[in-house]
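Asks: Take this sequence and fold it.
(2 chains)
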Amino acid sequence: MYKPCFIVPSYNHSAAAVGTMARLSAHGLPLILVDDASDAPNAAILAQVAAENPLVKLVVLPINLGKGGAVMAGLRAARSAGFSHGMQVDADGQHDLSVLKDFFAAGRESPETMVCGYPVYDASIPMGRKLGRYLTHFWVWVETMSFEIKDSMCGFRLYPLEATCALLDEQTLPSRMSFDIEIVVRLHWRGVPMAWRPVRVTYPVDGKSHFKPLLDNVLISWTHTRLACAMPWNLACRAFGLGGVPRRGTHWARAKERGSRWGLAFTSWVHRCFGRWLALPLIPLIVTYFFLTGGTARRATLDYLRRLHQFTEGQSPRPGWWNAYRLFLKFGFSAHDKLTAWLDPWLIAELDFPDIDMMREARANGRGALIIGAHLGNLEMMRAVAARYGFTGFHAVVHFAHAAKFTGTIKDAAPASAQDIIHVCSFGPETAIRLREIIDRGECVVIVGDRTPQSENGQTVSADFLGAPAEFPRGPFVLAAALECPVYLFFCLGHNGGYKVVVEKFADQISLPRAQRAEVLAQLARRYAAKLEQLCVAHPLQWFNFFDFWQPRPTPVSHGPRK
Amino acid sequence: MTPLHQEIKTLIVSTLALEGVTPESIGEDTPLFGEGLGLDSIDAIELGVAIRKRYGISIDAESDDPRRHFASVNTLAAFVADRRTF
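Replies: Numbers count the residues shown, from 1 in each chain, chains lettered A, B, ... in the order given. Okay, here's the model as predicted:
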């Protein structure tokens, strides 16, 4: 249940605190006021405010703990009082409070998310603090290996209390100014999602600040030194699933594409400026990061390797971290090969395409074709292959939300390449019309057959795959029937440092008579799965399907009056 | 109701081989997908292709709002009237 409150730490700031609290009371929310052992006159004022205002609950600390200590005491008090979220607001009134509504709305919408302010300054910021901020930005990027944390020092945040207090219970955090930094970095390590909102900040001219430029900058530097040293261990812990927020099985279509765009974009940039060979060494760095932080993908990969190992009776690579990492690494290099293929296709040295005539004939006979691929090897290489051999009219259907970042990078790097990508958000009648247009022109549609679209609502067909039933999408086969065109299977596999293209005619035309629809679909899915299985056994570390493929079938949504 | 509305209702029933549904029983504003007629995403593919074949419709990927045109017989008739090439 969503139940937020304010948390206001105060140390001898009583006048400012009283003003800030008066403005906060307009929101009508409970407020936890933490008196960080203020002197007697200030303590008396704070106590009086609490006595007069029923919404204010006063927590008095026996000794001065510093800002971090006071906030932590407030967070704990809020949790024991049954609140779900704590909105930290500094008592000195430096933050623009008009944005609070937006913070609470964001928290309500996504209760697991920590909503953080990042400051927009006016001219009043002192130089000493400005310098500290620059240093800090750099370090936080290093510590989290991402640019996701826009600002680590702004204490204007809505904390989800469950995840935050779990961290406080396990970890001693610094109690002075560096608290704000350390808690956001550690929550990021634990996978707490973060949302960012701009907040205007004014430093009050006569306001008291407890920020001591020398001491606090030294302490902040020390915090960064510790965090940077702890980073590899913590990313590994996150990867091993020790601590952090529990993760649920994520359906691929709902899983957010990993924020790999900057890594990929950077590689692409290095590639263009300095050539392919300088970009290559970056791949293991990026892959290692995603391997350690991508729990869902890593677990799905381990599961796949385990099933494959059983299925081949021990002939495939041993399921374990090393082979899972090798698979990730191959994926990284294959992503890089995609870029290479777009930018300088002639650099893909070895391209073995024994059945090229089959593809030529499919394109030339005017009937069009549906080409079903898989997340096996490097399907996108096909488009580079097409460019190299002078094929035109191949259109790849891509789930929009999922691949948007990668396609974006490709688009930036090689604008011409993005033309033939058909983005679909949901597979509706309009998409079918567009694909039929392509077929009517005698061109080819490329689609993958080993992922279940989110909108299908149980529109899957079960087929044995690596020794256990898995759900395959019905979409590609139904599409093939509706398009009334020949169907091919197509795979592009890494082989001896180059690529080998495997193409096979799947059906001249598929028809799905309503009475036998379920049976025919099951047969088709089984044939597709068998081919995939055969190639997985031959190329065990090239199935780049990073989602739990064997997850139980979703309960079908019942439909209206038919059938 | 125009002849086009009638034609589209017949097309829906015959393409999807809906049992126990007659063209007359489909209301002009009955939602086709989800609640209402209860068509699913596989029906959507078949219906889209049938409309394309029957009327030569083409889709403008940039400006067409997916789902809007196929909401009901009424929206579909307006869409077909606007875009048909034969």
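Asks: Surely residue A:366 is in contact with residue A:442?
Replies: Yes. With contact defined as Cβ atoms under 8 Å, residue A:366 counts as touching residue A:442 (4.2 Å). The C-beta positions use only the backbone N, C-alpha and C, and glycine is treated the same way.
Asks: Neighbour count: the two, which is higher?
Replies: Counted by other Cβ atoms under 10 Å in any protein chain shown, residue A:366 and residue A:442 do not tie: residue A:442 has more neighbours, with 16 against 9.
Asks: what secondary structure does that one sit in?
Replies: Three-state call for residue A:442 (DSSP: H, G, I helix; E, B strand; the rest coil): coil.
Asks: Contacts only, for it.
Replies: Residues in contact with residue A:442 (Cβ atoms under 8 Å, 6 or more residues apart in numbering or on different chains) are A:363, A:365, A:366, A:367, A:368, A:393.
Asks: With residue A:382 as the reference, measure out to the second one.
Replies: To tie it back to what came earlier, the one meant is residue A:365. 19 Å (Cβ to Cβ, to the nearest Å).
Asks: out of these two, which sits in the busier spot?
Replies: Of the pair residue A:365 and residue A:382, residue A:382 is the one with more neighbours under other Cβ under 10 Å, namely 25 against 12.
Asks: What about the nearest residue to the more buried one once chain neighbours are set aside, how many residues nearby?
Replies: Closest residue to residue A:382 apart from its sequence neighbours, by Cβ to Cβ, 6 or more residues apart in numbering or on different chains: residue A:492 at 5.5 Å. When neighbours are counted by other Cβ under 10 Å, residue A:492 registers 27.
Asks: Am I right that residue A:527 is in contact with residue A:506?
Replies: Yes. Residue A:527 is in contact with residue A:506 according to Cβ under 8 Å; the separation is 7.3 Å.
Asks: Please say which of the two ends up with more neighbours.
Replies: The residue with more neighbours, out of residue A:527 and residue A:506, is residue A:506; 23 against 15, by other Cβ under 10 Å.
Asks: A helix includes that one, no?
Replies: No. Residue A:506 is assigned strand when assessed by three-state DSSP, not a helix.
Asks: Contacts only, for it.
Replies: Going by Cβ under 8 Å, 6+ apart, residue A:506 touches A:372, A:487, A:488, A:489, A:527, A:528.
Asks: Most proximal residue of chain B with respect to chain A?
Replies: Chain B approaches chain A most closely through residue B:38 (2.1 Å), counting by Cβ to the nearest Cβ.
Asks: Could you list the buried residues of stretch A:325-337?
Replies: Residues of stretch A:325-337 classed as buried by neighbour count (16 or more other Cβ atoms under 10 Å in any protein chain shown): A:325, A:327, A:328, A:329, A:330, A:331, A:332, A:333, A:334, A:335, A:336, A:337.
Asks: Chain B: which of these is nearest?
Replies: Distances from chain B to the buried residues of stretch A:325-337, taken by Cβ to the nearest Cβ, are shortest for residue A:335, at 25.9 Å.
Asks: I'd like to know which elements the helix or strand the closest one falls within is packed against.
Replies: Assigned by DSSP states H and E, residue A:335 falls within helix A:321-343. Counting by 3 or more Cβ pairs under 8 Å, 6 or more residues apart in numbering or on different chains; DSSP states H and E, the packing neighbours recorded for helix A:321-343 are helix A:261-274, helix A:282-293, helix A:295-311, helix A:381-389, helix A:400-413.
Asks: Export only the CA atoms of stretch A:52-72, formatted as PDB.
Replies: The C-alpha coordinates for stretch A:52-72 follow below in PDB (Å, rounded to 0.1, in the frame of the first residue of the first chain):
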ATOM      1  CA  GLU A  52       1.100  21.900  18.000                       C
ATOM      2  CA  ASN A  53       0.900  20.000  14.800                       C
ATOM      3  CA  PRO A  54      -0.700  16.500  15.000                       C
ATOM      4  CA  LEU A  55       0.900  15.600  11.600                       C
ATOM      5  CA  VAL A  56       4.400  16.000  13.000                       C
ATOM      6  CA  LYS A  57       6.100  13.200  14.900                       C
ATOM      7  CA  LEU A  58       9.300  14.200  16.600                       C
ATOM      8  CA  VAL A  59      12.300  11.900  16.900                       C
ATOM      9  CA  VAL A  60      15.000  13.300  19.200                       C
ATOM     10  CA  LEU A  61      18.400  11.900  18.900                       C
ATOM     11  CA  PRO A  62      20.400  11.700  22.200                       C
ATOM     12  CA  ILE A  63      23.700  12.700  20.500                       C
ATOM     13  CA  ASN A  64      24.500  14.500  17.300                       C
ATOM     14  CA  LEU A  65      24.900  12.000  14.400                       C
ATOM     15  CA  GLY A  66      25.200  14.300  11.400                       C
ATOM     16  CA  LYS A  67      22.800  14.600   8.500                       C
ATOM     17  CA  GLY A  68      23.100  11.000   7.400                       C
ATOM     18  CA  GLY A  69      22.500   9.600  10.900                       C
ATOM     19  CA  ALA A  70      19.500  11.800  11.300                       C
ATOM     20  CA  VAL A  71      18.000  10.700   7.900                       C
ATOM     21  CA  MET A  72      18.600   7.100   8.700                       C
END
